[in-house]
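Engineer: Mind looking at a prediction? Sequence and model below.
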Amino acid sequence: MRRPAAAAMVVAGALALTLTGCGGSDDGAAELSVGSAYMPQPVSDMAAGFLTITNDGDSADRLTSVSSDIAGQVTVHETVDGAMQETEALDIPAHGSLVLESGGSHLMFEQLKRKPKQGQEVSVELRFAESDPVTVEIPVKPATYTPKTGH
């Protein structure tokens with residue numbers, strides 16, 4: 001029996017992010033929540049996005065795709081041996097987290113239709129191999145923003 005999560009507390013920064021359609025169940029499925037989300041204000045026609053997906057469930061899941069109305073496409077990247085590369089999916093372990101952070105795995109917003117400004121929010125839909133999609137409102141921070149905790 002599936003039950004959607006209504007909201008998640010941001011691990012760092014005490015920001016509340018609204019989740020819609022987050023999959024969870026009483027039969028050992030993944031139970032996902034999203035926190036620590038931010039986007040540095042873009043300075044070109046591309047932007048990066050960072051967040052943490054926490055899985056409190058008994059089953060692993062995978063982040064398979066991302067979309068946003070501000071970009072022509074949003075791709076998922078990982079850093080391997082110091083080189084950034086696009087990937088089809090990233091694992092979210094059971095009772096663990098997937099951390100998307102500067103210098104590591106992250107979201108790339110390409111072909112921006114508009115450049116969001118500091119203080120605005122960007123709506124993003126995260127899609128998973130097993131769980132229902134999750135919509136997250138990502139706050140736009142200064143271009144030089146570095147989180148103090150959570151990443």
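Structural biologist: Everything's here; your move. Numbering: from 1, shown residues only.

Engineer: in what helix or strand does the residue positioned nearest the centre of the chain lie?
Structural biologist: Closest to where the C-alpha atoms of the chain average out (Cα atoms, centre = their mean) is residue 51, at 4.5 Å. In the assignment (DSSP states H and E), residue 51 maps to strand 47-55.

Engineer: Contacts for whichever helix or strand comes after that strand next, please.
Structural biologist: Using DSSP H and E, the helix or strand that follows strand 47-55 in sequence is strand 61-67. Contacting residues not belonging to strand 61-67 are listed as 23, 30, 32, 53, 55, 73-76, 88-92, 98, 107, 124-131 [Cβ atoms under 8 Å, 6 or more residues apart in numbering]. Every residue, glycine included, has its C-beta placed from N, CA and C.

Engineer: Which ones among those lie within strands?
Structural biologist: Per DSSP state E, strands hold the following members of the contacts of strand 61-67: 32, 53, 55, 73-76, 90-92, 98, 107, 124-128.

Engineer: That's all I had, so thanks and see you.
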